[in-house]
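>>> Give the three-dimensional model of this entry:
(one chain, ligands or ions: 2)
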Amino acid sequence: MERSVPGAGQAAGLRLLKPCLRRHALRMATGLLALLAVDLLQLGIPRFIKQAVDLLEEGAATQAALARSALAILLLALAIAAGRFLWRFLLLGFSRLLERDFREAFFRHLLTLDRAFFQQRPVGEMMALAGNDLNAVQLAAGMGLVASLDAAFMGLAALACMAYISPGLTLIAVLPMPLLALLARLLSRRLHRRFLAVQEQFSRLAEFARNAINNIRLLKAYGQEEAQAKAFARLGEAYVRDNIRLARVHGVLFPVSGLIGNASLVLVLFLGGRLVIAEVISMGDFVAFISYLAMLTWPMLAVGWVANLFQRGLTSLGRLAGVFAAHSALVEPAAPEELPVSAALRAENLFFSYGQGGPAALRGLSLSLRPGEIVGLVGRSGSGKTTLCHLLARLYPVAEGRLFCGDLDVNRLSVSGLRSRIAYAPQDVLLFSESIAANIAMGRPEASRAEIEAAARLCRIHEEIVAFPQGYETRIGERGVKLSGGQRQRISLARAVLLDRPILLIDDSLSAVDLETEQEILRALAAHLRGRTCLIVSHRIAPLRAASRIVVLEEGRVLAQGGHAELLRQSEFYRTMNRRQGRPGAEEGQDAG
Ligand SMILES: Nc1ncnc2c1ncn2[C@@H]1O[C@H](COP(=O)(O)OP(=O)(O)O)[C@@H](O)[C@H]1O
Ligand SMILES: [Mg+2]
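Ligands and ions are numbered 1, 2, ... in the order given. Just a heads-up that it's a prediction; the model follows:
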């Protein structure tokens with residue numbers, strides 16, 4: 001995980017906020033005006049106190065005069081309450097809107113990233129970013145912004161009023177304050193580092209929990225509940241430790257700012273009192289001065305608090321910016337060529353490795369799929385069958401001049417355009433926690449029930465679906481726990497069939513289905529496959545009878561290809577596979593890769 005230094009990433013993060021700020025500028029401006037109005041009104045109160053005290057001291061106070069002062073203060077207080085409601089509503093609402101916009105943009109951005117990104121950055125971390133970190137940003141943009149402006153304005157205004165009463169005494173009162181600024185500066189770096197550690201630890205915690213819950217069946221089967229609980233507790237322990245380390249820093253800031261405020265009070269009481277005795281200032285002035293000083297307490301406390309909020313917000317913003325800076329390696333070409341009419345796919349001396357500098361999964365693979373041709377693909381586990389499907393389905397970037405659709409390099413074609421030509425049933429079945437119908441119709445949400453059922457029938461799953469109490473409306477539990485592997489595979493295949501596209505890639509999608517059913521499905525599919533370019537990966541030979549050609553992969557390249565009889569002559573691997581699968585009762589051929 002990258003560790004950013006303060007400043008790096010934060011600038012990028014702040015740039016991210018700009019569009020949101022612009023969108024809600026009016027709301028923010030109105031809120032800030034209300035905030036300033038409240039501050040101004042608050043400054044009026046000590047003036048009325050001074051009036052009353054001075055009258056009292058001069059012995060000139062009357063019931064009516066006191067009542068007038070009291071009424072004035074009451075009216076001010078009402079206006080202040082109304083203003084406070086207004087700014088809270090507008091500004092805190094603003095921070096929530098900002099959070100919403102940001103979360104949406106974050107999710108949208110995550111959807112543009114590819115698997116390579118998510119292999120490096122666990123989902124738990126993304127959840128933590130969208131939760132805790134976004135919250136820290138929201139707090140900084142809401143309370144942080146409000147408090148800092150409020151504190152700055154209140155502080156300056158109170159100081160101005162104090163200076164108006166007695167410049168000398170004001171100077172004495174602010175004497176201890178630079179200490180505070182110094183302290184905030186000293187601690188802010190430390191705050192950043194410690195808060196970053198806290199957020200990263202929370203990410204680990206979230207990822208750990210996600211992983212455990214996702215694999216709960218496995219954990220139970222292996223009796224690992226206790227060990228997992230302990231490991232989780234250790235992570236939680238570390239999270240608390242990091243939080244306490246953080247609390248130690250702002251635990252210093254907060255009391256120290258209060259202490260400095262009180263130090264000012266001590267100085268003013270003692271030295272200001274002497275000014276009253278010497279009759280340099282009036283009693284009323286002295287009381288008003290102390291009221292203003294009390295108004296300074298909040299801005300002083302706010303310095304520590306706001307420094308903390310902003311530091312957290314900036315740190316989290318930097319973490320979020322790190323994700324926003326990530327981009328999919330597979331980008332749409334600036335000026336894509338028109339998609340060729342032909343549904344032919346061709347790989348020429350194709351090399352591919354997943355990580356940079358990682359082992360090559362494909363090593364000089366050349367293969368041509370003619371339009372309307374059904375090609376079978378077999379090969380040992382790890383020989384690159386799935387990788388080839390990934391590349392054909394345009395899920396990973398490929399080098400120039402290696403992969404062609406029609407006669408055009410795929411790099412010159414729109415990625416989404418080419419993807420929309422291809423129906424891909426991946427080897428790893430992925431189902432959403434939604435109804436079976438919605439799962440089958442995922443690529444074509446507008447498909448009619450009749451179309452969905454037709455696809456399910458082709459894949460020999462219809463009967464089983466209608467046997468569920470809720471039929472097609474049956475919800476598939478988290479990761480499809482209620483279905484067998486074979487059922488899941490057939491639903492996944494039906495999803496690809498429903499897409500009705502000129503190119504179909506089936507990656508070992510029937511490995512958990514019994515041989516008879518697999519053959520039955522392929523027979524039923526035969527009419528659907530006609531006219532489509534089709535690549536069927538299988539670890540069984542029998543279902544590939546319909547293929548016009550079978551290709552054997554070995555270590556990322558084509559070892560042999562041809563018809564069944566031809567391959568029996570040519571390929572040792574194929575012969576072995578055939579021999580093992582040919583004998584009834586013999587173990588199933590090569591393992592599913
Ligand atoms: N997502 C991935 N990241 C890194 N390596 C991978 C990934 N998927 C597959 N591989 C590696 O690529 C090679 C080919 O795998 P794969 O295409 O899945 O083979 P097959 O489908 O024929 O079993 C294997 O060595 C495998 O370990
Ligand atoms: Mg595979």
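
>>> which other residues reach stretch 419-428?
If you take CB atoms under 8 Å, 6 or more residues apart in numbering as the criterion, stretch 419-428 is touched by 339, 343, 386, 389, 392-394, 405, 443, 492-493, 495-497, 499-509, 511, 537. Using the backbone N, CA and C atoms, a C-beta is placed for each residue, glycine as well.

>>> okay, now whatever residue of the stretch 1-150 of the chain ends up closest to ligand 2: neighbour count?
Across the stretch 1-150 of the chain, no residue is closer to ligand 2 than residue 115, which sits at 14.6 Å (CB to the ion). For residue 115, the count of nearby residues is 12 (other CB atoms under 10 Å).

>>> so the residue nearest to it when sequence neighbours are not counted is in which element?
Of all residues not flanking residue 115 in the chain, residue 395 sits nearest, at 7.0 Å (CB to CB, 6 or more residues apart in numbering). For residue 395, there is no host helix or strand (DSSP states H and E).

>>> What score does residue 395 have for pLDDT?
With respect to pLDDT, residue 395 scores 90.

>>> who touches it in this structure?
Residue 395 makes contact with 114, 115, 330, according to CB under 8 Å, 6+ apart.

>>> How about residue 502: what's its closest non-neighbour residue?
residue 343 (4.0 Å).

>>> would the one you found count as being in a strand?
No: Residue 343: not assigned to a strand; according to DSSP: H, G, I helix; E, B strand; the rest coil it is coil.

>>> so what's it up against?
371, 372, 405, 421, 502, 503, 532, 533.

>>> What are the buried residues along stretch 126-139?
Residues of stretch 126-139 classed as buried by neighbour count (16 or more other CB atoms under 10 Å): 126, 127, 128, 129, 130, 132, 133, 134, 136, 137, 138, 139.

>>> My error: substitute stretch 505-523 in the last question.
Quick answer for stretch 505-523 (16+ other CB under 10 Å): 505-513, 517-519, 521-522.

>>> Can you confirm whether that stretch lies near ligand 2?
No: judged by CB under 5 Å from the ion, stretch 505-523 stays clear of ligand 2, getting no closer than 5.8 Å.

>>> For that stretch, what is the spacing between the initial and final residues?
17 Å (CA to CA, to the nearest Å).

>>> can you tell me the average pLDDT over it?
pLDDT averaged over stretch 505-523 gives 87.

>>> That one near ligand 1 anywhere?
No: judged by CB under 6 Å from any ligand atom, stretch 505-523 and ligand 1 are separated, with a smallest distance of 7.2 Å.

>>> May I have stretch 76-92 as PDB, with CA atoms only?
What follows is stretch 76-92 as a C-alpha-only set of coordinates in PDB (Å, rounded to 0.1, in the frame of the first residue of the first chain):
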ATOM      1  CA  LEU A  76     -30.800  39.100  19.300                       C
ATOM      2  CA  ALA A  77     -30.900  35.700  20.800                       C
ATOM      3  CA  LEU A  78     -34.000  34.800  18.700                       C
ATOM      4  CA  ALA A  79     -32.300  36.000  15.500                       C
ATOM      5  CA  ILE A  80     -29.200  34.100  16.400                       C
ATOM      6  CA  ALA A  81     -31.200  30.900  16.900                       C
ATOM      7  CA  ALA A  82     -32.900  31.300  13.600                       C
ATOM      8  CA  GLY A  83     -29.600  32.100  11.800                       C
ATOM      9  CA  ARG A  84     -27.900  29.100  13.400                       C
ATOM     10  CA  PHE A  85     -30.600  26.800  12.200                       C
ATOM     11  CA  LEU A  86     -30.300  28.200   8.700                       C
ATOM     12  CA  TRP A  87     -26.500  27.800   8.500                       C
ATOM     13  CA  ARG A  88     -26.500  24.400  10.000                       C
ATOM     14  CA  PHE A  89     -29.200  23.300   7.600                       C
ATOM     15  CA  LEU A  90     -27.400  24.800   4.600                       C
ATOM     16  CA  LEU A  91     -23.800  24.000   5.400                       C
ATOM     17  CA  LEU A  92     -24.100  20.600   7.000                       C
END
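
>>> what's the offset of that stretch from the middle of its chain?
Computed by CA atoms, centre = their mean, to the nearest Å, the separation of stretch 76-92 from the middle of its chain amounts to 34 Å.

>>> Just the residues contacting that stretch, thanks.
Taking CB under 8 Å, 6+ apart as the rule, stretch 76-92 contacts 27-28, 30-32, 34-35, 37-38, 41-42, 44-45, 48, 142-143, 145-146.

>>> please redo it, this time with the cut-off set to 6 Å
27, 30, 31, 34, 35, 37, 38, 41, 44, 45, 142, 146 (CB atoms under 6 Å, 6 or more residues apart in numbering).

>>> Also stretch 546-557?
360-365, 373-379, 383-385, 522, 526, 544, 558-561, 567, 571, 573-574.

>>> Look at that stretch and report the distance between its end residues.
End-to-end for stretch 546-557, by CA to CA: 23 Å.

>>> is ligand 2 contacted by it?
No: Stretch 546-557 does not reach ligand 2 (CB under 5 Å from the ion); its nearest approach is 10.0 Å.

>>> if we can go back for a sec, how close does the residue of the stretch 1-150 of the chain closest to ligand 2 get to residue 328?
10 Å (CB to CB, to the nearest Å).

>>> For ligand 2, what's the nearest residue on this protein?
Per CB to the ion, residue 386 is where the chain lies closest to ligand 2, at 3.2 Å.

>>> Which elements pack onto the helix or strand hosting that residue?
For residue 386, the element it lies in under DSSP H and E is helix 385-392. Here helix 385-392 touches strand 503-507, going by 3 or more CB pairs under 6 Å, 6 or more residues apart in numbering; DSSP states H and E.

>>> neighbouring strands for the strand it packs on, and are they parallel or not?
When pairs are called by DSSP bridges, strand 503-507 turns out to pair with strand 422-425 (parallel), strand 533-537 (parallel).

>>> out of these, deepest packed?
Counting by mean count of other CB atoms under 10 Å, strand 533-537 has the highest mean neighbour count of the strands paired with strand 503-507, with a mean of 25.
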